[in-house]
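# I'll drop the sequence and a predicted model, then ask my questions.
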Amino acid sequence: MKIAVLSMDIEDWYHLDYLEGSKCNKRYSLLDGIDVYLEILQKFNIQSTFFVLGEIAESINPTLKQIIKEKHEIASHGSNHVRPITITESEFYNDLHKSKHTLEHIIGASIEGYRAPCFSIDRKRLDQVRKAGFSYDSSRMDFSEHPLYETINMDGFNVVMPNIFRLNNFFEFEASTHPVYGKNVPISGGGYLRLLPWYISETLIKRYIKSNNYYMLYIHPFELSIKPNPPFPSPTKWHNRLRFGIGRSTVAEKLKRLIELLKQNGYSFETFSSFRKNLNKLN
């Protein structure tokens, strides 16, 4: 069984960490990238999981309804894009509950999954995700070099397969990484897909899938948007402006190549929710 899960974190350009606290023109949106993503999914007949920020959910209500209509999964990305590690456990729990309630009210169905902004939760906060009634989390990234990411201690969890952990009926789905010169390198994020030439991404992913039966991708609307770069607030540093725009026009084609590569290597595609249900049947 070779399974790939494609996912999108529905947030806008102004939610990026290096724009935190800046006065951004929120009327300019790059959420059209959702439509580009949906078209690609439809072309390949693939279902995906969408982790949605609660604070923008109501404004994209019709889009969320369309996502559900096309049999994709809606999950939580929190109420806003505050990194959980920067707030108290109590505040985090309240945020989880609020986002879950908001999304369930809009789509009229249960929300099973959560992913933290910037993969920034620890074990204590992961326990809050379980306590809040979620069935799975996808916030673990084994990449300590990134200043925003946290590491989740998985003590007490059973390893179902590489990068997938289980505690009772709760699952943790880790982002895909691959060792390069002794250090793990992410091969699962839209940012890395965008910034790296395809031949490098392809090489790393081919090496990874030779010995792994699970692959996960996460991507963001701005990376697939066909609109020009946004009007950055004046304090935005030049290198952040530069890294935002690099490779955006190449992402859609790279994503198609990635899907074709996975298909050629025998992978089938599921949402996190459906994958979790199937793993439950096997174990």
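Perfect, thanks for sending it. Numbers count the residues shown, from 1 in each chain.
# which SSE is residue 65 in?
Assessed by DSSP states H and E, residue 65 sits inside helix 61-69.
# So which elements touch that helix?
Other helices and strands packing on helix 61-69, by 3 or more CB pairs under 8 Å, 6 or more residues apart in numbering; DSSP states H and E, are helix 33-44, strand 49-52, strand 73-76, helix 89-107. (Each C-beta comes from the backbone N, C-alpha and C, glycine too.)
# how about 6 Å then?
When contacts are defined as 3 or more CB pairs under 6 Å, 6 or more residues apart in numbering; DSSP states H and E, helix 61-69 sits against helix 89-107.
# Go through the helix it packs on and flag the buried ones.
Across helix 89-107, burial judged by 16 or more other CB atoms under 10 Å covers 92-93, 95-96, 98-100, 102-103, 106-107.
# same question, stretch 107-114
107, 111-114.
# For residue 137, name its beta-bridge partners.
Beta-bridge pairing for residue 137 (DSSP bridges): residue 114, residue 172.
# shaky segments in this structure?
In the prediction, the chain carries residues with pLDDT under 70 at positions 18-19, 21, 143-150, 283.
# Would you point out which residue is most central in it?
Ranked by distance to the mean C-alpha position of the chain (CA atoms, centre = their mean), the top residue is residue 218 at 3.9 Å.
# what separates that one from residue 184, distance-wise?
Residue 218 sits 16 Å away from residue 184 when distances are taken as CB to CB, to the nearest Å.
# ok, residue 205 - how many residues close by?
Using other CB atoms under 10 Å, residue 205 is surrounded by 23 other residues.
# Ok, residue 5 next?
Under the neighbour criterion other CB under 10 Å, residue 5 is assigned a count of 27.
# and it, that one's in a helix?
No - when the secondary structure is assigned by DSSP: H, G, I helix; E, B strand; the rest coil, residue 5 falls in strand instead of a helix.
# who are the neighbours in contact with it?
Residue 5 makes contacts with 216, 272, 275, as judged by CB atoms under 6 Å, 6 or more residues apart in numbering.
# ok, the second one - contacts?
What that stands for is residue 272. Shown here is residue 272, whose contacts under the criterion CB under 6 Å, 6+ apart are 5, 49, 113, 136, 173.
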